[in-house]
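A.B. asks: here is a sequence with its predicted model. Questions after.
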Amino acid sequence: MKQFSFSYREKLHLQKDFKKVFKLGRRLEDKKIKILAYKNDGLYLKRLGLVTSRKVGTAVERNRTKRRLREIFRTHKHLLEPGLDLIFISKPQTASSDYSDLKKTVLELLESAGFYKDKSEQL
RNA sequence: GCAGACGGAUGGCAAUCGCUUUGCUAUAUGUGCUUGCAAAGAGGAAAGUCCGAACUUUACCGGCGUAAAGAAAUUUGCGCCGAAAACGGUAGCAGGCAAUUCCUGCGGCUCGCGAGAGUAAAGGUGCGAACAGAGACGCUUUUGCCGGAAACGGCGAGAGUAUCCUCUUUUGAGGAUAAGUUUUUGCGGUAACGCAGAAAUUGAAACGGCUAAAUCCUUACCGGAAUGCAAGGCUGAAGAAUAGCCGCUUGACCGUUAAAAGCGAUUUUAACGGCAGAGAAAUGAUUGCGCUUCGGGAAACCGAAGACAGAAUUCGGUGUAUAAUCCGUCUGCUUUA
RNA sequence: GGGCCCGUAGCUCAGUCGGUAGAGCACCUCACUUUUAAUGAGGUUGUCGUGUGUUCGAGCCACACCGGGCUCA
């Protein structure tokens, strides 16, 4: 498997999966974004779901926000533990901040929650 | 040169890493929604959903044909069609289009010095606390002034204008001219209508005048109606859930050029080029280059900003938002030759 | 994506052929009471979401915008 790909199987798209993460997942929150995370032991894959309500902005702003968050997940998922289901919930501030700031806050949140692999495993 | 009118165009480029679809390829049932390569991948408004069509379905309406039932009237099924009903739409004339409330040309009125812009439009009845009037919707009640005992008769304003002249104390009366209105004649025009001419412009009036297809009725013309891809069709069979497949993208298609018809919208023919199809929903990130504007700087250069906005069955039209730049045609004024 | 509806006083709502915009609660003033509440009397409150148009006249009719909501698998 390629390191930076993002295929269909890595998307959350069933309501079943979303409900499980909403119910059982850990909540990490910042001014800019809210992250729900659930450790799914049955799977090796790390999967991502996106929630972007109309409060975030117009269709253009919502699409751009989702694409940026997907990009962050794609380029940094190799750092994460396997079997992790994530949901990124956007806020109005998410759309107004630029890509590098957004990347920084997302990675800091995930690191503080301890979802990174051990350094020995990374190698 | 300044000011303005109308119309049109553009809405950066490349590389790398990813994403979606399609084609080819590899592997051969392993997280196969896989591997590799190639091609294509948001707009002028994709938007609002204001119109119109394609396409879909029907316990809808009507007509025709046919089959069955019945003695018959008729009923039911199937097929085809949309002349009539119902319902809806349109309203200056002529044309264009698959179709329209769209587009083109022409005509009326208003605005503008002008290029141009805006706007309305068949007939009838008629609510009414706007107008004037003492009184308003036509007589059911009440009701002005003058004459009269009464019956009854008469009267102002409001629909007949403006200017000038004459007469009259005033009210008012008469005349002329102009405009409008009505009728009518001739000419032009397919027509809407225009141009020119003639005659009338009086009487009566509480039965005043004004006022509705962007709320009523009628007429003429057009369209069967309803339904909107969440329409609709199929597969599958309980670890089924927001399932999968089809519909689903090449068609009344779009663009450029040329020829022909036409004032034009547009049509016909030929050549070339182009055309996304997602589904928790594909266009992003990084870097470099380039353009415009602003700030700093002597310069090299450095920094910042660059609109409105995202396909969801498809297409046509309309009006709404839009940084910056460019182009064309035309009008008025000024200057110079 | 399609279809539909609503914006009227501080709040909840009426306003049905176009003719001076109303109700309840709230609020204000006065009376009663030592005071408050309750009660009684009186009163105020509106660019009818915004704009343009049709009309002699628009909350109502038409169109365009703005905001909010419902519904269809």
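C.D. replies: Received it, and whenever you're ready, just let me know what you need. Numbers count the residues shown, from 1 in each chain, chains lettered A, B, ... in the order given.
A.B. asks: could you find the closest non-adjacent residue to residue A:109?
C.D. replies: The shortest distance from residue A:109 to any non-neighbouring residue, by C-beta to C-beta, 6 or more residues apart in numbering, is to residue A:28 (4.7 Å). (Each C-beta comes from the backbone N, C-alpha and C, glycine too.)
A.B. asks: I'd like to know how far that neighbour sits from RNA strand B.
C.D. replies: Here the distance between residue A:28 and RNA strand B works out to 18 Å (C-beta to the nearest atom of the strand, to the nearest Å).
A.B. asks: helix, strand, or coil at that residue?
C.D. replies: The assignment at residue A:28 comes out as strand when based on DSSP: H, G, I helix; E, B strand; the rest coil.
A.B. asks: number of residues surrounding it?
C.D. replies: The burial metric for residue A:28, expressed as a neighbour count using other C-beta atoms under 10 Å, is 18.
A.B. asks: for the one 3 residues further on, same thing?
C.D. replies: Per other C-beta under 10 Å, the neighbour tally for residue A:31 reads 10.
A.B. asks: now do the one 5 residues further on
C.D. replies: If you count neighbours by other C-beta under 10 Å, residue A:36 ends up with 21.
A.B. asks: could I get the phi/psi values of it?
C.D. replies: When read as degrees, to the nearest 10, the backbone of residue A:36 gives phi -110, psi 140.
A.B. asks: contacting residues around it?
C.D. replies: A:21-22, A:25-28, A:86-87, A:89 (C-beta atoms under 8 Å, 6 or more residues apart in numbering).
A.B. asks: and the strand or helix carrying residue A:100, how far out from the chain's middle?
C.D. replies: The secondary structure element spanning residue A:100 is helix A:99-112 (assigned by DSSP states H and E). Distance, stretch centre to chain centre, for helix A:99-112: 10 Å (C-alpha atoms, centre = their mean, to the nearest Å).
A.B. asks: what of stretch A:29-47?
C.D. replies: For stretch A:29-47, the distance between its averaged C-alpha position and the chain's averaged C-alpha position is 6 Å (C-alpha atoms, centre = their mean).
A.B. asks: any idea of the mean pLDDT in it?
C.D. replies: When the per-residue pLDDT values of stretch A:29-47 are averaged, the result is 77.
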